[in-house]
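Colleague: here is the input, now give the coordinates:
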Amino acid sequence: MSRLDSFVRRLLAQQACLDWAAAAIAGIPGPVLELGLGNGRTFDHLRQILPDREILVFEREVRAHPDCIPDSAHLFLGDVRETLKQAHERLGPIAALAHSDIGTGDEARNARIAADLAPRLAKLMRPGGVVISDQPLAVPGWSPIELPKGVPEGRYFLYRSGN
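Modeller: Okay, the predicted model is just below:
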């Protein structure tokens, strides 16, 4: 498979998971967390499919398309380990949905980042919330969710947050 084919498969899987999750959280109050703004495609998609939800974005350095940058009240800028901690201290466990797109292309580094990120993210999740991740996350009390039809196993990961 070419890198282009792999990229397209990743984006289709991401879209399927986001669309599924938007419906799955219909009865769960709370904002959406976007970890990793990148160029803003996912943030823009989340605004379209969840127009009534507040979206809080966590990014080290903004390099997104100008139309896809959240306002300063919805942007946590800096190292995600610190900004997740700050958000938890300020907001508590409020999120209905979190999307984490932190992959770097280096499997060992991805595993370290995911292991460090998971417990911090867990503190922001409302019980019953949905977590979408491009990396596997091990959090006690989280339950894996079956991927939407057409999403290959291991391409994306879905979890329901515990109590």
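Colleague: so which residues of this structure form helices?
Modeller: Ranges of helices in the chain, per DSSP state H, are 3-24, 41-49, 80-91, 107-122.
Colleague: quick one: which of those is nearest residue 159?
Modeller: Proximity to residue 159 (Cβ to Cβ) singles out helix 107-122 among the helices of the chain, at 9.5 Å. Glycine gets a C-beta too; all of them are placed from N, C-alpha and C.
Colleague: pLDDT weak spots in the chain?
Modeller: Filtered on pLDDT under 70, the chain yields the residue ranges 163.
Colleague: most centrally placed residue in it?
Modeller: What sits nearest the mean C-alpha location of the chain, by Cα atoms, centre = their mean, is residue 99, with 1.1 Å.
Colleague: run through the bridge partners of it.
Modeller: residue 34, residue 132 (DSSP bridges).
Colleague: and it, what does it touch?
Modeller: Counting by Cβ atoms under 8 Å, 6 or more residues apart in numbering, residue 99 makes contact with 18, 21, 32-35, 42, 46, 131-133.
Colleague: in TSV, list the helices of the chain along with distance to residue 72.
Modeller: Output for the helices of the chain, formatted as TSV (distance: least, Cβ to Cβ, whole Å):
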stretch	distance to residue 72
helix 3-24	24
helix 41-49	15
helix 80-91	13
helix 107-122	22
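Colleague: nearest to residue 12 among the contacts of residue 99?
Modeller: residue 18 (10.9 Å).
Colleague: burial count for that closest one?
Modeller: By other Cβ atoms under 10 Å, the residues close to residue 18 number 21.
Colleague: do the same with residue 31
Modeller: For residue 31, using other Cβ under 10 Å, the count is 19.
Colleague: so it touches residue 56, yeah?
Modeller: Yes - the pair formed by residue 31 and residue 56 meets the contact definition of Cβ atoms under 8 Å, at 5.4 Å.
Colleague: picking up where we left off before, just give me the closest of the contacts of residue 99 to residue 110.
Modeller: residue 133 (10.4 Å).
Colleague: quick check: that closest one vs residue 67, distance?
Modeller: 26 Å (Cβ to Cβ, to the nearest Å).
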